[in-house]
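> What follows is a protein structure lacking sequence information:
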């Protein structure tokens, strides 16, 4: 295809993705109310546990409530329309990939998407505990009044951080396949990985809920070791292939 044909194809893919996003946003706009109730549940619990403190969601401008729902519709719409725009991206770049690259890409996407959504779900369980934990640092006599837009941004970003943390092992394997890191190099960092996972789980779960803390830390640690194990298998296969081709000395192999 010529450059002009590629640009026409790209425009068509973008138009389809944009149309799917608009439809998803319209649908999402009508389900924002239960989501607002879900993300503000920690605020209600704080208000019930501390009746002497003023706790609530605030809006500083006339249009702020509508702006919040539009922001929510956009972020939810991106998730709902993900199958469409992901397919459009894939359909655009696939003709330029080799068969081996297509196989690796499919494998990475098949692993990354469920891990990301699983991480976002875990993040939705973690967010209420983080909000309640942060509220304990409020000085005596002060109030907790959360600006609606900032509160939603914090909730969404924290869920995305947890979601991305679940996908990091996939990126470690990608770095290994690219020759940036060996499986042994990844495995050598297991102490740091366990420490980070433990600290994150301890901060994200209630102090009294040891089971949830161990479960979250365990999931992150297992994903890390799984990435290291898969990378070491790839390293072994690459060394075997190089040896068969005579490009690797027997002693090094």
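Now that the structure is in, tell me what you want to look at. Bear in mind that the values here come from a model prediction, so they are computed numbers and not experimental data. Residues are numbered from 1 along each chain as shown.
> CA atoms for contacts and neighbours, from now on please.
Will do.
> residues near residue 153, how many?
For residue 153, the neighbour count with other C-alpha atoms under 10 Å is 14.
> Actually, residue 169.
Neighbour count for residue 169, taken as other C-alpha under 10 Å: 26.
> Name the nearest residue to residue 163, ignoring sequence neighbours.
Once flanking residues are discounted, residue 163 sits nearest to residue 119: 3.8 Å by C-alpha to C-alpha, 6 or more residues apart in numbering.
> Span of stretch 180-197 from start to end?
Taking C-alpha to C-alpha, to the nearest Å, stretch 180-197 runs 23 Å from one end to the other.
> Just the element for the residue nearest the centre of the chain, please.
Closest to where the C-alpha atoms of the chain average out (C-alpha atoms, centre = their mean) is residue 163, at 2.3 Å. Element membership of residue 163 [criterion: DSSP states H and E] is helix 148-177.
> Could you measure from the residue nearest to residue 163 over to residue 89?
Going from residue 119 to residue 89 by C-alpha to C-alpha gives 23 Å.
> Report the distance from the helix ranked longest in the chain to the chain centre.
Using DSSP state H, we find that the single longest helix of the chain is helix 99-135. A distance of 4 Å separates the centroid of the chain from that of helix 99-135, by C-alpha atoms, centre = their mean, to the nearest Å.
> hmm, back to that, so if I had to pick from residue 119 and residue 89, which one is more boxed in?
Between residue 119 and residue 89, counted using other C-alpha under 10 Å, the more crowded position is residue 119 (22 against 14).
> tell me the contacts of that one?
Going by C-alpha atoms under 8 Å, 6 or more residues apart in numbering, residue 119 touches 159, 160, 162, 163, 164, 165, 166.
> in the helix or strand just after the helix holding residue 163, what counts as buried?
Next helix or strand after helix 148-177 toward the C-terminus (DSSP H and E): helix 183-188. Counting neighbours by 16 or more other C-alpha atoms under 10 Å, one finds that the buried residues in helix 183-188 are 183, 186, 187.
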